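> give me the fold of what follows.
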Amino acid sequence: MSNSFASGKKAIAECDRCGQQFLLKTLKTEIIKQRKYELLVCPECWDPDQPQLMLGTFPVDDPQALRNPRRDTTYLTSGLNSNGNLSGGSRDIQWGWNPVGGASNFDEVLTPNYLVATTFVGTVTVT
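Residues are numbered from 1 along each chain as shown. A predicted model of the protein is given here:
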């Protein structure tokens, strides 16, 4: 018994999207969201499957919390820093904004700030 379909070496077909004629073997099957559709499109009209259309099809595990967390004890037990001030441990934050190093009164206790602004004025000679 022979094959039920002809080889189609020189068969001509139309692109389902643009309507132009192409060889049947050059047309590609359109795939949207990992599903094959009965559309045969030419290489110019063919779009690869867009990964952004598959959002939600795969489980995403992005944990944010820790299991059995412990409180931060380094804030009180870290001792003094190189300037002789109490170190903040893991919360040793130094920031400054208008004026540099000037934290407000209510925030001074939470994040002590020992920044000092130092500036120099000089000249630059370019040859």
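> Glu38: which element?
Here Glu38, judged by DSSP states H and E, is contained in strand 35-41.
> which other residues reach that strand?
Where contact means C-beta atoms under 8 Å, 6 or more residues apart in numbering, the residues beyond strand 35-41 that reach it are 13, 15-18, 24, 27-31. All C-beta atoms are positioned from the backbone trio N, CA, C, and that covers glycine.
> please save the CA atoms from it in PDB.
As requested, the backbone C-alpha atoms of strand 35-41 are provided in PDB (Å, rounded to 0.1, in the frame of the first residue of the first chain):
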ATOM      1  CA  ARG A  35      -0.500  25.300  21.300                       C
ATOM      2  CA  LYS A  36      -0.400  24.500  17.600                       C
ATOM      3  CA  TYR A  37      -3.100  26.100  15.500                       C
ATOM      4  CA  GLU A  38      -4.200  25.100  12.000                       C
ATOM      5  CA  LEU A  39      -2.500  28.200  10.500                       C
ATOM      6  CA  LEU A  40       0.300  27.800   8.000                       C
ATOM      7  CA  VAL A  41       2.200  31.100   7.600                       C
END
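> what is the burial count for Cys15?
For Cys15, the count of nearby residues is 20 (other C-beta atoms under 10 Å).
> quick one: contacts for it?
By C-beta under 8 Å, 6+ apart, the contact set of Cys15 is 21-22, 27, 40-42, 45.
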